[in-house]
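Peer 1: Quick check, what structure comes out for this input:
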Amino acid sequence: MLNTSLAYIGLGSNLEDPVQQVEQALYALDRLPLSRCVGTSSLYRSQPVGPQDQPDFINAVAALETRLSPLALLDQLQALEQRHRRRRERRWGPRTLDLDMLLFNHTDIDHPRLRVPHPLMHTRAFVLGPLNELAPHLRLNGERLEQWLAPLGNTITRLDSKRVFE
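Peer 2: All right, here's what the predicted structure looks like:
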């Protein structure tokens, strides 16, 4: 694709067959307008952040080449969440699908609707683990991802599942 940007998208689900929700979303990302998925991490299991009275999450990260602007991509991601019946009933509560734009090229974005890099990604093993698997060359604030991941401990489990895009 000419004039493309590279975005990294975090995916998570803990309702209605979370593995299937994430796998379907990975396929759907490849079909977004002016975009194509160029890589995915393995699937990972993680405990919920916030309220603990909910099931574990299934997480992954996808690399997406896109000609969409960051806000247009955000609109597409939110529409995909809605197609998966995403409800926002409580902060960090259970969900069928959560899609977060983690990185967009090497751009810092501070917009009322979107902050990139994702402001909490450095505190979340369920983001850094899959992202490090997919793109170990990436740096966050000048440091390798595994350096950010190490202090968070072993709080995620890689599932024995095949990557969707290899």
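Peer 1: which stretches of the protein form strands?
Peer 2: With DSSP state E as the criterion, the chain has strands at 5-13, 35-40, 44-46, 57-66, 98-104, 109-111, 114-116, 139-140, 143-144, 156-158.
Peer 1: for the first one, the distance to its chain's centre please.
Peer 2: Computed by CA atoms, centre = their mean, to the nearest Å, the chain-centroid distance of strand 5-13 equals 4 Å.
Peer 1: Equivalent analysis for the last one, please.
Peer 2: On the basis of CA atoms, centre = their mean, strand 156-158 sits 15 Å off its chain's mean C-alpha point.
Peer 1: Throw the strands of the chain into TSV and include mean neighbour count, thanks.
Peer 2: Just so you know, the C-beta spots here come from the backbone N, C-alpha and C atoms, and that holds for glycine as well. Below are the strands of the chain laid out as TSV (neighbours: other CB atoms under 10 Å):
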stretch	mean neighbour count
strand 5-13	24
strand 35-40	20
strand 44-46	21
strand 57-66	24
strand 98-104	22
strand 109-111	11
strand 114-116	17
strand 139-140	14
strand 143-144	12
strand 156-158	16
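Peer 1: of these, which approaches Leu131 most closely?
Peer 2: strand 57-66 (4.7 Å; CB to CB).
Peer 1: which other helices and strands contact the closest one?
Peer 2: strand 5-13, helix 18-29, strand 35-40, strand 44-46, helix 125-134 (3 or more CB pairs under 8 Å, 6 or more residues apart in numbering; DSSP states H and E).
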